[in-house]
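Trainee: A structural model of the following input is requested.
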Amino acid sequence: MKPDIVISSQDLDRLEGLLAAPAARNRSDLNGLRDELARADVREPQDMPPDVITMNSRARFRELPGGREHELTLVYPGDAAADAGRVSVFTPAGSALLGLSVGQTIDWENSDRQPIRLEVLGVTWQPEAAGRFDL
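Mentor: Residues are numbered from 1 along each chain as shown. Here you go, the predicted structure:
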């Protein structure tokens, strides 16, 4: 069972625009993201809870059961930089993290196609909580 997710109407509009663009329109690898957007609880940016991972949020995660921790920023595809901890929402990990809140877990496959579970430990920076509705 997938956890409940919350996304902002602004993120939804931007992501739907990117998914409708010719470069992404027929990419079947983005169907997971499309499914996540379709099932999300959509809220206005100013109504976003501060513990939810939105676009451009920085968050801490723990791999379960191993316990290894990561801190990543969820970004749009053009801003991704693995070496800087900036993961694209167009990756399986990125689309899985969008809309999760602190305490939730998600199951997904890592780049080696091994199953992994991530637990959200904290949202260390969120644009909406910082009043940055331009990001």
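Trainee: from now on I want contacts and neighbour counts done on CA atoms only, so please keep to that.
Mentor: Noted.
Trainee: helices of the protein, residue ranges please.
Mentor: For the chain, the helices defined by DSSP state H cover 9-20, 22-25, 31-39, 92-97.
Trainee: residue 46: which of those helices is closest?
Mentor: Closest of the helices of the chain to residue 46 is helix 9-20, at 10.0 Å (criterion: C-alpha to C-alpha).
Trainee: remind me which residues of this protein are low pLDDT?
Mentor: 109-111 (pLDDT under 70).
Trainee: which residue of it lies farthest from its centroid?
Mentor: Within the chain, the residue lying farthest from the chain centre (C-alpha atoms, centre = their mean) is residue 22, at 22.2 Å.
Trainee: next up, the contacts around the residue nearest to the spatial centre of the chain.
Mentor: Nearest to the geometric centre of the chain sits residue 98, at 2.3 Å (C-alpha atoms, centre = their mean). Applying C-alpha atoms under 8 Å, 6 or more residues apart in numbering, one finds that residue 98 lies in contact with 5, 7, 53, 54, 55, 74, 89.
Trainee: I figured the last one hits residue 73, correct?
Mentor: No: applying C-alpha atoms under 8 Å as the test, residue 89 and residue 73 come out as separate, 9.8 Å apart.
Trainee: returning to that earlier point: how close does the residue farthest from the centre of the chain get to residue 12?
Mentor: For residue 22, the distance to residue 12 (C-alpha to C-alpha, to the nearest Å) stands at 18 Å.
Trainee: same deal with residue 68?
Mentor: Residue 68 is 31 Å from residue 12, by C-alpha to C-alpha.
Trainee: got it, and residue 112?
Mentor: Distance from residue 112 to residue 12, by C-alpha to C-alpha: 29 Å.
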